[in-house]
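Undergrad: sequence? don't have it. structure:
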């Protein structure tokens, strides 16, 4: 039986420390292959009766999260540069604490979706270097699509072919992440947009509970995405943010400042006009008195 965690694109004769093809393109290719490997693990495992590991606060990991992370990290450790560090959602930080390059791995973004048989999940892999994401990929196990970037261009790989990611606000669909924590509450709550007349007249809300939706903004399948939270070096968000930035989306924190620079949270919008409308709706929450 073929091992679903085996990477068919890996060349065991290639030494990444001497390979002349090293650099941003090689890092992006490695991120893509690692995410696709994790996606194959997820796709090949049943959700019914899957073992769960309690993480406290109502959160949990499944045996599939752990298996997918093990496969992704195994590939990265074989092929990444010596001295690279790693952060896995389930295994935590490994490698040199002061490494200039750190790989971030979210092996199953949308664990609760997976655990109830909802096929809205992603496998996210990103490389952070000196405070910026230089390579990233988000793989959808159930469509076979991978969104990936070398930090400059953003592409969608489907059936072995790449096409550019092209943002579009035409759908008017905006995804809202309603999961805690909410560091900007009570002044700002993304959930309030669900009942805001201005939001209702301009957009149509969606809640899919996976950061796959951030990649959808880059691909033109969502007009925007909003979440609260402190997202710096987040295994959940690093890949999606990098994809949006490389695709030309407008990306800031909840107060319109550069993402990761202050208040936290995220507004990722397909274009500047959509971003301005979403930022105005969020800002007006702070102007209005908060009912307690």
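TA: Okay, I see it. Here the structure is a predicted model, which is why all the values come from computation and not from measurement.
Undergrad: now do stretch 101-117: distance from first to last residue.
TA: Separation of the first and last residues of stretch 101-117 by C-alpha to C-alpha, to the nearest Å is 35 Å.
Undergrad: buried set for it?
TA: For stretch 101-117, a neighbour-count test (16 or more other C-beta atoms under 10 Å) marks 101-111, 113-115 as buried. Placement of C-beta: from N, CA and C, glycine included.
Undergrad: pLDDT of stretch 182-190, averaged?
TA: Averaging the model's pLDDT scores along stretch 182-190 yields 92.
Undergrad: buried ones in the host helix or strand of residue 279?
TA: Here residue 279, judged by DSSP states H and E, is contained in helix 272-287. Neighbour-count burial for helix 272-287 flags 274-275, 277-279, 281-282, 285 (criterion: 16+ other C-beta under 10 Å).
Undergrad: got it, and stretch 247-264?
TA: Of the residues in stretch 247-264, those buried by neighbour count under the rule 16+ other C-beta under 10 Å are 247-256, 259-260, 263-264.
Undergrad: any idea how far it is from the chain center?
TA: 15 Å (C-alpha atoms, centre = their mean, to the nearest Å).
Undergrad: what sits up against that stretch?
TA: Residues outside stretch 247-264 that contact it (C-beta atoms under 8 Å, 6 or more residues apart in numbering) are 149, 154, 164-167, 183-184, 188, 190, 217-219, 226, 228-232, 241, 244-245, 265-272, 274-275, 279, 282-283.
Undergrad: what is the end-to-end distance of stretch 257-267?
TA: End to end - C-alpha to C-alpha - stretch 257-267 spans 10 Å.
Undergrad: what about that stretch, average pLDDT?
TA: 90.
Undergrad: swap in stretch 56-70?
TA: Throughout stretch 56-70, pLDDT has a mean value of 92.
Undergrad: helices or strands next to the lowest-mean-pLDDT helix or strand in the chain in the packing?
TA: Ranking every helix and strand in the chain by mean pLDDT, DSSP states H and E puts strand 52-56 at the bottom, with a mean of 87. Using 3 or more C-beta pairs under 8 Å, 6 or more residues apart in numbering; DSSP states H and E as the contact test, the elements touching strand 52-56 are strand 59-62, helix 63-79.
Undergrad: I'd like these as a markdown table, with distance to residue 36 appended.
TA: Below are those laid out as a markdown table (distance: least, C-beta to C-beta, whole Å):
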| stretch | distance to residue 36 |
| --- | --- |
| strand 59-62 | 20 |
| helix 63-79 | 10 |
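Undergrad: indicate which one of those is closest to residue 195.
TA: Closest to residue 195 of these, according to C-beta to C-beta: strand 59-62, at 26.9 Å.
Undergrad: that closest one pairs with which strands, and in what direction?
TA: strand 52-56 (antiparallel) (DSSP bridges).
Undergrad: just give me the closest of the buried residues of stretch 101-117 to residue 131.
TA: Ranked by distance to residue 131 (C-beta to C-beta), the buried residues of stretch 101-117 are led by residue 102 at 10.5 Å.
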